[in-house]
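1. sequence unknown, structure follows:
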């Protein structure tokens, strides 16, 4: 069932690359600050964010994915990730994907595939996403192995640490410059509210809901809770051996 939805998302994303957008108003900035192995981030990407590619809402959105999350940079430039060294690997891989495939439809298809494997607890098979998406692996692996991916992560660290107000957990969703806090699952309604042009059909029936009307959202990874597996990612830990 999961593989069937994966294929459907790939088809819809590919189709949107060739679809002409009927809108002309300014697109709504949407930023997702996340880390690859936080289960709530992967769930949001796979079961919530992917919907805007399915329903066409992506046509009015300027999506910025920032795969860094609650990581920390040491005084010597080493990076410590909340869920351990492999999260640093996948954060960097996804940063490279965004860099080498700047088209959001392309890099999101790869990230969606990787995060689907995280949901299924199969993230060690992430390299299979190259063949599943039909994307060439060489550019991403070159980016990673050359050390350029780490430079990208340090840039994302600066971007994340510059957030005002500062993020306190991930997923941290920002629509049109405003963080949604616990309301992040209702991001589509916030996009529609912020859009100044003719609303697409995907906005029909969407309404803003606040956590005051619902139970508090505990589906987050807090910044001050490092797991026991969290370790500093050294350059020697950054090697990838292809297993596909």
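-> Perfect, I can see it now. It should be emphasised that the depicted structure is a prediction, and the values quoted were computed from it without experimental measurement.

2. Let me know the next secondary structure element after whichever strand or helix holds residue 87.
-> Using DSSP states H and E, residue 87 sits in helix 85-100. With elements assigned by DSSP H and E, the helix or strand that comes after helix 85-100 is helix 104-119.

3. buried residues in the very next helix or strand once past that next one?
-> Sequence order places helix 128-133 as the next helix or strand after helix 104-119, per DSSP H and E. By neighbour count with 16 or more other C-beta atoms under 10 Å, helix 128-133 contains the buried residues 129, 130, 132, 133. C-beta: built from backbone N, CA, C; applies to glycine.

4. what does stretch 154-174 give?
-> Going by neighbour count (16+ other C-beta under 10 Å), the buried part of stretch 154-174 is 156, 157, 160, 167, 169, 170, 171, 172, 173, 174.

5. what residues does that stretch touch?
-> With contacts defined as C-beta atoms under 8 Å, 6 or more residues apart in numbering, stretch 154-174 is touched by 29-35, 38, 40-41, 44, 66-71, 73, 77, 79, 91, 95, 179-180, 184, 187, 220-223.

6. Could you give me the PyMOL syntax to select whichever of those are buried?
-> Here is the PyMOL command that selects the buried residues among the contacts of stretch 154-174 (16+ other C-beta under 10 Å):
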select buried, resi 29+30+31+32+33+34+35+38+40+41+44+66+67+68+69+70+71+79+91+95+179+180+184+187+220+221+223
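
7. just checking, which of the contacts of stretch 154-174 belong to helices?
-> When DSSP state H defines the helices, the subset of those inside them is 40, 41, 44, 91, 95, 187.

8. Which pLDDT value belongs to residue 25?
-> Note on residue 25: pLDDT of 89.

9. now do residue 54
-> 97.

10. Look at it and say how many residues are nearby.
-> 16 (other C-beta atoms under 10 Å).

11. That one and residue 61, how far apart?
-> To residue 61, residue 54 is 13 Å away according to C-beta to C-beta, to the nearest Å.

12. Could I get the buried residue list for stretch 118-129?
-> 118, 123, 126, 127, 129.

13. Could you tell me the end-to-end distance of that stretch?
-> 12 Å (C-alpha to C-alpha, to the nearest Å).

14. And stretch 121-135, by the same measure?
-> From start residue to end residue, stretch 121-135 stretches across 22 Å - C-alpha to C-alpha.

15. Quick one: distance of the helix holding residue 87 to the chain centre.
-> 11 Å (C-alpha atoms, centre = their mean, to the nearest Å).

16. What average pLDDT does that helix get?
-> If you average the pLDDT over helix 85-100, you get 99.

17. about what we covered before: so of the contacts of stretch 154-174, which ones are in strands?
-> Applying DSSP state E to these, the entries found in strands are 29-34, 66-67, 73, 79, 179, 221-222.

18. Perfect, that will be all.
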